[in-house]
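>>> Quick one, fold the following:
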Amino acid sequence: MNPKDRLHSFKYQESSINTTASGIRKPKITKSKATVKRDEILRDLPPSIKSGLTVVFVGFNPGIESSKQQHHYAHFTNLFWKLFNESDLLRKVLARRDLNVADHKLLLSLYENEHSKCTATAANDNDLLDFGIGFTDLVLRCTKTAQELSTAEKLSNVPRLMREFQESEAPFIVFIGKGIWEIVVRSLKPGHKLTKTNFQWGKQDPSSPLIKAFHIMCQYSPSVYVFPNTSGLVASMKYPEKLSLWLSLVEAI
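Numbering: from 1, shown residues only. Next up, the predicted model:
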């Protein structure tokens, strides 16, 4: 090797390592390796579903915090649990199932007293399964934003979602985000688009062709609700309006 080539080789080796403040050289971590390492810790969030449920909440897909904690709606800015507690949905579900707060130690931990509102958090999502409340997502794969999911991936998960509804037998299915319902609608009726004239928040018209097709696909006839996304990044509707939709569900239960 001539002197010029030897010098070029030396410079390349120097550029591929980092030097710490103490003068110790260490391998340089490339962007691709860092990305692989990050992806390894973003685990799928499994559904919390079993037979005999009262209500199933459906999210788009787990975010980073939900993946890390392995609980639904875990990010501190997400309004899901605030709406869940303020609407007092759990107490209504318990009454439907003839369960009393005072009869269960776990329930007592979620209520300060017999007449207070619930204080559930993301850490309680799996516990709520025993009281008739289930959780799942359209896509179980974690991403930072839902925009990272392709349309094909979203559509491919609809049959799995329908099987979960069928297993749950829940009379109330709640989609937390219009975008999820849009994907389901696209699967039910390709080419159909939701507009201001054919879509409303809250309970979907049970006599509509879309809901009838939904019932055929999941093989039973639950009431379908569509609520605004509860993520802190979504502010298309004011909190009192969101709460009003939740209260309409509680009243129906």
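
>>> For this structure, which segments count as helices?
In order along the chain, the chain carries the following helices (DSSP state H): 3-15, 31-41, 64-69, 80-86, 89-96, 105-110, 151-156, 158-168, 178-188, 209-218, 239-252.

>>> which outside residues touch stretch 170-184?
Contact with stretch 170-184 is made by 53-60, 80, 134, 138, 146, 151, 154-155, 158, 161, 165, 194, 199, 201, 204, 214, 222-230, 234, 249, 252-253, as judged by C-beta atoms under 8 Å, 6 or more residues apart in numbering. In this view, the C-beta of every residue, glycine as well, is placed from N, C-alpha and C.

>>> Which members of those occur in strands, if any?
Among the contacts of stretch 170-184, the members found in strands (DSSP state E) are 55, 56, 57, 58, 59, 134, 223, 224, 225, 226, 227.

>>> tell me the contacts of the most centrally placed residue in the chain?
With distances taken as C-alpha atoms, centre = their mean, residue 59 lies nearest the centre of the chain, 3.2 Å away. Taking C-beta under 8 Å, 6+ apart, we find residue 59 in contact with 72, 73, 135, 136, 137, 138, 176, 177, 180.

>>> Distance check, it against residue 151.
Note on residue 59: its distance to residue 151, by C-beta to C-beta, to the nearest Å, is 18 Å.

>>> and if you look at residue 167?
According to C-beta to C-beta, residue 167 and residue 151 sit 26 Å apart.

>>> Likewise for residue 159?
As for residue 159, its distance to residue 151 is 15 Å (criterion: C-beta to C-beta).

>>> what about these two, which has more around it?
In terms of neighbours (other C-beta atoms under 10 Å), residue 159 is the more surrounded of residue 159 and residue 151; the figures are 12 against 9.

>>> With adjacent residues omitted, what lies nearest to residue 41?
When the adjacent residues along the chain are set aside, residue 41 lies closest to residue 68, with 7.2 Å between them (C-beta to C-beta, 6 or more residues apart in numbering).

>>> send the alpha carbons of stretch 60-78 over as PDB?
Listed in PDB are the C-alpha atoms of stretch 60-78, where the atom choice follows Å, rounded to 0.1, in the frame of the first residue of the first chain:
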ATOM      1  CA  PHE A  60     -56.100   2.900  16.800                       C
ATOM      2  CA  ASN A  61     -52.800   1.300  17.900                       C
ATOM      3  CA  PRO A  62     -50.600   1.600  21.000                       C
ATOM      4  CA  GLY A  63     -48.300   4.500  21.400                       C
ATOM      5  CA  ILE A  64     -44.800   4.400  22.800                       C
ATOM      6  CA  GLU A  65     -45.900   4.900  26.500                       C
ATOM      7  CA  SER A  66     -48.600   2.200  26.200                       C
ATOM      8  CA  SER A  67     -46.000  -0.200  24.700                       C
ATOM      9  CA  LYS A  68     -43.500   0.500  27.500                       C
ATOM     10  CA  GLN A  69     -46.100   0.100  30.300                       C
ATOM     11  CA  GLN A  70     -48.100  -2.600  28.500                       C
ATOM     12  CA  HIS A  71     -51.400  -0.800  29.400                       C
ATOM     13  CA  HIS A  72     -53.900   1.000  27.300                       C
ATOM     14  CA  TYR A  73     -54.100   4.800  27.000                       C
ATOM     15  CA  ALA A  74     -51.000   5.100  29.300                       C
ATOM     16  CA  HIS A  75     -49.700   8.500  28.200                       C
ATOM     17  CA  PHE A  76     -50.300  11.100  30.900                       C
ATOM     18  CA  THR A  77     -51.800  13.500  28.400                       C
ATOM     19  CA  ASN A  78     -54.400  11.100  27.200                       C
END
